[in-house]
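>>> 3D model of this:
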Amino acid sequence: MRIEILTPERKLFSGDAYGVQLPGISGSFEVLEKHAPMVSALGKGAVKILLDKTGKSSSYKINSGFVEVLNNQVSVLVEGAVEA
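Sure thing, here's the model as predicted:
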């Protein structure tokens, strides 16, 4: 699936990945390939991109944001993000 992490200033990540773990406002959740369409608010925490099934990953700390999942594309719009 395709994942993009965007801030108002720049694009932090754009690429294909196995899945992504996100800090929802009511707790963390994970989105994998062919997930149902959804929009969710994000709270403060870590966004972890699962690059492949072997456990290789990339992480970003965020303050807040939103995620949209549609047609195997995950768009994460965040504020205050830094690479962890």
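>>> need the strands for this structure, in chain order.
When assigned using DSSP state E, the strands of the chain occupy the ranges 2-6, 11-16, 19-24, 27-32, 38-42, 45-50, 57-62, 64-70, 73-79, 82-83.
>>> mean pLDDT for those: which is lowest?
Here the lowest mean pLDDT among the strands of the chain goes to strand 82-83, at a mean of 87.
>>> That one packs against which elements?
strand 57-62 (3 or more C-beta pairs under 8 Å, 6 or more residues apart in numbering; DSSP states H and E). Backbone N, C-alpha and C define where each C-beta goes, glycine included.
>>> Give me the distance between the two termini of stretch 31-47.
11 Å (C-alpha to C-alpha, to the nearest Å).
>>> May I see the buried residues of that stretch?
Within stretch 31-47, the residues scored as buried using 16 or more other C-beta atoms under 10 Å are Val31, His35, Leu42, Gly45, Val47.
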